[in-house]
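Chemist: Structure, please.
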Amino acid sequence: MTDTTTIPLTLEERLPMGEFFTVEASWDTFLRILEKGEYPVQYDEGKILSFMGYGTEKHEALIMRIGYLLANLLEGSDCQIFGSNLPITTLEAGKRYYNADCSVVEGQVERVQLKSGMTAVVNPKLIVEVLSKTSRNFDLGQKFQQYKTIPSLQQILYISSESPSVISYRRRDAQGTWLIEEFTEPEALVPVLEAGDISIKAIYKL
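Modeler: So this is what the prediction gives:
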C-alpha cells in the first residue's frame, strides 16, 4: 500500500493535483493523512479520495439553506443536525470514512473508534448531499451504495447545485427497498422523514 510520503499533506502540495484524486492506501495510512493533512479526504474500498472542486457560492449557500430549513422542521424533536465535518462510517466489513454535506441523527449519537481520539458516527437517520460536478458521480454511485447499508438511515436527499432539482431516496423496508422520487417544480413538496415537507421554492429561494 502507498506510504504517506507519496500523498500530499499540505494544501499547497495538494492543489496542483487537480479537483479530484484517488490513491490506493491502507487504512492506517488514511488515518495518518486524515490527522495531519490540511485538506478533506474520504476513504472507500482501500482508496483515499480527495475532492477539491471549487466551492461555488450557490453550492455553499444551498448547504447553509438546507441546514436552516431542517432546523426549523425538526425543532422540538429528538434530532440533531450536523455539518460536513462530521465523519460517517458503516458497520459493514471493510474500512470506510465519509463526509456528507449535512446529516441528521435521532436520539443518541452512536460512534465507533477509528483510533485513539478519533471516532466516526454510525447512526445517521437522514443524509443530505449537495451535488457538484466534481463529486456527483461518486455521491450517486459508490458512496450511495455504502450509505444504503447503514441500518439507521431512512432517507437520503441529493440537491443539485446547478438547477432546482432534489432526488429523494426513502427506505421502505428492512430488505433494502428504497422509494426514489425527483422534485423539480417550485411548488413541489419534498417529504423529510416523518417530520413534514420542504418546498423546492424554499430550498432554492425561488
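Chemist: residue contacts, residue 185?
Modeler: In this structure, residue 185 makes contact with residue 200, judged by CB atoms under 8 Å, 6 or more residues apart in numbering. C-beta here means a position set from N, CA and C on the backbone, and glycine is covered the same way.
Chemist: Could you tell me which ranges of the protein sit under the pLDDT cut-off?
Modeler: 1-5, 53-55, 93 (pLDDT under 70).
Chemist: So it: which segments form each domain?
Modeler: Following automatic domain parsing, one gets these domains for the chain: 4-51, 57-204.
Chemist: If we ignore the residues flanking it in sequence, what's nearest the residue positioned nearest the centre of the chain?
Modeler: Taking CA atoms, centre = their mean, the centroid of the chain lies closest to residue 100, which sits 1.7 Å from it. Leaving aside its chain neighbours, residue 100 sits nearest to residue 127 (4.6 Å; criterion: CB to CB, 6 or more residues apart in numbering).
Chemist: neighbours of that neighbour, just the number please.
Modeler: Residues within reach of residue 127, counting by other CB atoms under 10 Å, total 24.
Chemist: and what of residue 108?
Modeler: By other CB under 10 Å, 9 other residues sit near residue 108.
Chemist: Please apply the same query to residue 63.
Modeler: 20.
Chemist: Any idea how far the helix or strand that contains it is from the middle of the chain?
Modeler: Element membership of residue 63 [criterion: DSSP states H and E] is helix 57-73. Distance, stretch centre to chain centre, for helix 57-73: 14 Å (CA atoms, centre = their mean, to the nearest Å).
Chemist: and that helix, C-alpha only, in CSV?
Modeler: Extracted C-alpha coordinates of helix 57-73, given in CSV (Å, rounded to 0.1, in the frame of the first residue of the first chain):
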residue,chain,number,x,y,z
GLU,A,57,-21.4,30.5,-3.8
LYS,A,58,-24.6,28.6,-4.8
HIS,A,59,-23.3,25.3,-3.6
GLU,A,60,-22.3,26.7,-0.2
ALA,A,61,-25.5,28.7,0.1
LEU,A,62,-27.6,25.5,-0.5
ILE,A,63,-25.8,23.7,2.3
MET,A,64,-26.5,26.5,4.7
ARG,A,65,-30.1,26.8,3.5
ILE,A,66,-30.9,23.1,3.9
GLY,A,67,-29.4,23.2,7.4
TYR,A,68,-31.6,26.1,8.3
LEU,A,69,-34.7,24.5,6.8
LEU,A,70,-34.1,21.2,8.6
ALA,A,71,-33.5,23.0,11.9
ASN,A,72,-36.9,24.7,11.6
LEU,A,73,-38.7,21.5,10.5
